[in-house]
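Trainee: What follows is a predicted structure for the sequence shown.
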Amino acid sequence: MAITKQVYDWQLWVEWNDQQSITNPTDPFVDDRLPNAGESFSIFTGGYGNNVTESNMVRDGSFVVIDRFGSTPGIMMDGGNNVAYDVGGTGVLGLIQWIPNGFVNIWVDTTGYYQDPQNVSALGISGNAAPYPETEGIRPAHYMLNPCVYIEPFTTWDVRYTMMNDIKNYMTNLGQFGGGPVTVRIVEKDGITSGGVPMKPLNPLAQVFIQYWLFNGSDALIAEELMKLGIAVNVDNAEWFRRQLVKQEGLETETWEKYLNISKAYLDMEKARQDYVG
Amino acid sequence: MGIRRQAYEWRNLITEQLYDAGFTSTQGHPVLTPPNFGASAGNFNNPIFSVRLPADGMSIFTGGRGNNLDIPAALRATQFIVIDSISGWDGQSARTGESQWQDAFVQIRVNETYYFQTPDGRAAKGLPTAAVPFPDHNLQSVTDAPKELQPVQPIYTFEAFRDGLPTPVYILPGQVWDIIYRNPKEDQDNTIYNDAQVSYCYVKYLLLDGADSAIAMKLLKASFPVTVENINGYRRMLIRHEVFEDSMARMDNPTGPRRVD
């Protein structure tokens, strides 16, 4: 499998007992296992949610093309019993729905992909612009990664997420809501039984999805050659380039004519495509 | 990274703490603590506010409402921008007692020129958000929101704008550009109860840097559309030309070992 489509689905759940009594506003909800609002962290190695064991460096003999991503849409929850409620009447208010109000940014080595119009590094793309999952009625995604982002060998890449909604402060406020104080909890992924009634969260606290093409071995070399020639790196072009190499087998390849032929052949193919596709 | 797909999202919202302190804007998106709602809309704490907007429109970058920048958007000498999509949302349309229909408009300004014009040549209000809503879902996926909080009609992007602006707007090096959002219905400060009541403006553009900016200028002078495909095509032409030159140079001045067949 020299060219493969890869995906990474990052999800943030509470998987531990997070019950806390909020007795007054100066006694806030505290949990270091959850990210702080406004804190940008890696979805791969940031320490929150599901992670991998090391940072993403594209190894020698590999080439990565990032072509799409998305994250949880929305700014705030709608309220009512679908956000927090006391199921069994036990006096514990459980949070079962959360909107992170998040932004996704791509980093290549030490450079952030997104910058704002004043040329300063930006938070990235919101879940409203690039939603994941795409539910009924969300169409089309307002943001598509076109052109794709190429990650060359020996380059490190990362996807960083920033939640702009403060879940800890929200839980503190929840504890004071309705005259307080009350005991609050973020309901864990596998659910709890509250007063004999099972209680489960409706969705992850946050979710980020990213998909990319992974070129391996000789296809990674082809991808690099395509990039040098200014040709878009995608599966069609990589396979076409491979066919060109096969056709040239036996010829002297250490000459500039090879590149010239390839460039001209691509031009011809482009014209043919244009004739047929327009 | 010579060609980058960028986006800027403006929202007319501000936290209670800043609102109480008299602020109407923030530098960048603010950290929010979502309100705690009860079963009815009136029962909540820690509200988020939308602020009154000037009736004749305001800059989403430096207008002093919602999330802003420090300085106006301007291009450096080695940058080129192609604005290919704008959209927005009238948050007031989702409020009880307000007009159900989108009354907001999005306009593009380049230096002193407005992109959308009336037939008699004057600056128009802009592209109506009824044609380019952002985001498209507009709370449709939420079926259990209180009845009075649900927008009356789902609105989708008009066919002609599914792929963005049919004729993209080019911003050349050194030019100043701006996006003007106009919503006369936002004539007072309000509490926001859900996402549909937030007024949005969203702009998507290609940022070309360095050599790609120079290629974009070449394409523009030759009257070719500045697109990712054309820039890559021009770059391929340059590479082909260079390879051809190198090929000729090798024939005239061989530098490698002499080959004997």
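Mentor: Structure's in. What do you need?

Trainee: can you point me to the longest helix in chain A?
Mentor: Under DSSP state H, the helix in chain A containing the largest number of residues is helix A:256-277.

Trainee: Just give me how far that helix sits from the chain centre.
Mentor: The chain centroid and the centroid of helix A:256-277 are separated by 35 Å under Cα atoms, centre = their mean, to the nearest Å.

Trainee: for the record, mean pLDDT for that helix?
Mentor: For helix A:256-277, the mean per-residue pLDDT is 83.

Trainee: for it, packing partners?
Mentor: Contacts of helix A:256-277 with other secondary structure elements, assessed using 3 or more Cβ pairs under 8 Å, 6 or more residues apart in numbering or on different chains; DSSP states H and E, are made with helix A:235-247, helix B:228-252. (Glycine included, C-beta is placed from N, CA and C.)

Trainee: Lowest average confidence across these, which one?
Mentor: Taking the mean pLDDT of these, helix B:228-252 comes last: a mean of 81.

Trainee: Mind listing what's buried along that one?
Mentor: Applying a neighbour-count criterion of 16 or more other Cβ atoms under 10 Å in any protein chain shown, the buried positions in helix B:228-252 are B:228, B:231-236, B:239-240, B:243-244.

Trainee: Close to chain A as well: tell me which of those qualify.
Mentor: When contact is defined as Cβ under 8 Å from any Cβ of the partner chain, the buried residues of helix B:228-252 meet chain A at B:228, B:232-233, B:235-236, B:239-240, B:243-244.

Trainee: From chain B, how far out is A:Pro131?
Mentor: In this structure, A:Pro131 lies at 7 Å from chain B, with Cβ to the nearest Cβ, to the nearest Å as the measure.

Trainee: er, A:Asp275 I mean
Mentor: 15 Å.

Trainee: residue ranges of the helices in chain B, please?
Mentor: Secondary structure of chain B (DSSP H): helices located at B:16-20, B:211-221, B:228-252.

Trainee: okay, these in a markdown table with distance to A:Pro153 next?
Mentor: A markdown table is the format used below for the helices of chain B (distance: least, Cβ to Cβ, whole Å):
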| stretch | distance to A:Pro153 |
| --- | --- |
| helix B:16-20 | 47 |
| helix B:211-221 | 22 |
| helix B:228-252 | 21 |
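
Trainee: So for A:Trp10, which of the ones you listed sits nearest?
Mentor: Between A:Trp10 and these, the shortest gap by Cβ to Cβ is with helix B:228-252, which sits at 28.1 Å.

Trainee: Out of the helices and strands packed on helix A:256-277, the one nearest B:Ser50 is which?
Mentor: helix B:228-252 (36.2 Å).

Trainee: Looking at the helices and strands packed on helix A:256-277, spot the one closest to B:Asp90.
Mentor: Across the helices and strands packed on helix A:256-277, B:Asp90 has its closest neighbour in helix B:228-252 (31.8 Å, Cβ to Cβ).

Trainee: by how many degrees do the closest one and helix A:256-277 diverge?
Mentor: Using axes from the mean of the first three to the mean of the last three Cα atoms, to 10 degrees, the interaxial angle of helix B:228-252 with respect to helix A:256-277 works out to 150 degrees.

Trainee: Any idea which residue of the stretch 101-250 of chain A lies closest to chain B?
Mentor: A:Pro117 (3.3 Å; Cβ to the nearest Cβ).

Trainee: Nearest spatial neighbour of that residue, chain-adjacent residues omitted?
Mentor: Spatial nearest neighbour of A:Pro117, chain neighbours left out: B:Ala73 (3.3 Å); criterion: Cβ to Cβ, 6 or more residues apart in numbering or on different chains.

Trainee: Identify the residues contacting the one you found.
Mentor: If a contact means Cβ atoms under 8 Å, 6 or more residues apart in numbering or on different chains, then B:Ala73 has A:117-118, B:61, B:176-178 as its contacts.

Trainee: about what we covered before: same list (the helices and strands packed on helix A:256-277) but as TSV, adding distance to A:Asn128.
Mentor: Rendered in TSV, the data for the helices and strands packed on helix A:256-277 read as follows (distance: least, Cβ to Cβ, whole Å):
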stretch	distance to A:Asn128
helix A:235-247	30
helix B:228-252	24
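
Trainee: related to what we said a few turns ago, tell me how many other residues crowd the residue of the stretch 101-250 of chain A closest to chain B.
Mentor: Neighbouring residues of A:Pro117 were enumerated by other Cβ atoms under 10 Å in any protein chain shown; the total is 25.

Trainee: Next one: it from B:Asp178, what distance?
Mentor: From A:Pro117 across to B:Asp178, the span is 9 Å (Cβ to Cβ, to the nearest Å).

Trainee: overlap in contacts of the two?
Mentor: Here A:Pro117 and B:Asp178 have B:61, B:73 as joint contacts, going by Cβ under 8 Å, 6+ apart.

Trainee: List the neighbours of stretch A:267-276 that are in contact with it.
Mentor: Identification of contacts with stretch A:267-276 by Cβ under 8 Å, 6+ apart yields A:240, B:233, B:236, B:240.

Trainee: got JSON lines for the residues you listed, with distance to A:Tyr259 too?
Mentor: Conversion of the contacts of stretch A:267-276 to JSON lines gives the following (distance: Cβ to Cβ, whole Å):
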{"residue": "A:Trp240", "distance to A:Tyr259": "15"}
{"residue": "B:Gly233", "distance to A:Tyr259": "17"}
{"residue": "B:Arg236", "distance to A:Tyr259": "11"}
{"residue": "B:Arg240", "distance to A:Tyr259": "8"}
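
Trainee: of those residues, closest to A:Ala129?
Mentor: Ranked by distance to A:Ala129 (Cβ to Cβ), the contacts of stretch A:267-276 are led by B:Gly233 at 28.2 Å.

Trainee: How about the closest one, nearest residue that isn't a chain neighbour?
Mentor: Using Cβ to Cβ, 6+ apart and skipping the chain neighbours, the partner closest in space to B:Gly233 is A:Glu270 (7.4 Å).

Trainee: And for that neighbour, the neighbour number?
Mentor: Neighbour number of A:Glu270 under other Cβ under 10 Å is 14.

Trainee: just A:Gly49 next, same as before
Mentor: Other residues within reach of A:Gly49 by the criterion other Cβ under 10 Å amount to 22.

Trainee: Equivalent analysis for B:Glu112, please.
Mentor: B:Glu112: 6 surrounding residues under other Cβ under 10 Å.

Trainee: Repeat that for A:Tyr161.
Mentor: Per other Cβ under 10 Å, the neighbour tally for A:Tyr161 reads 28.

Trainee: Where does it sit: helix, strand or coil?
Mentor: On the three-state scheme (DSSP: H, G, I helix; E, B strand; the rest coil), A:Tyr161 is labelled strand.

Trainee: That one against A:Phe103, yeah?
Mentor: Yes - the criterion here is Cβ atoms under 8 Å, and A:Tyr161 meets it with A:Phe103 at 7.2 Å.
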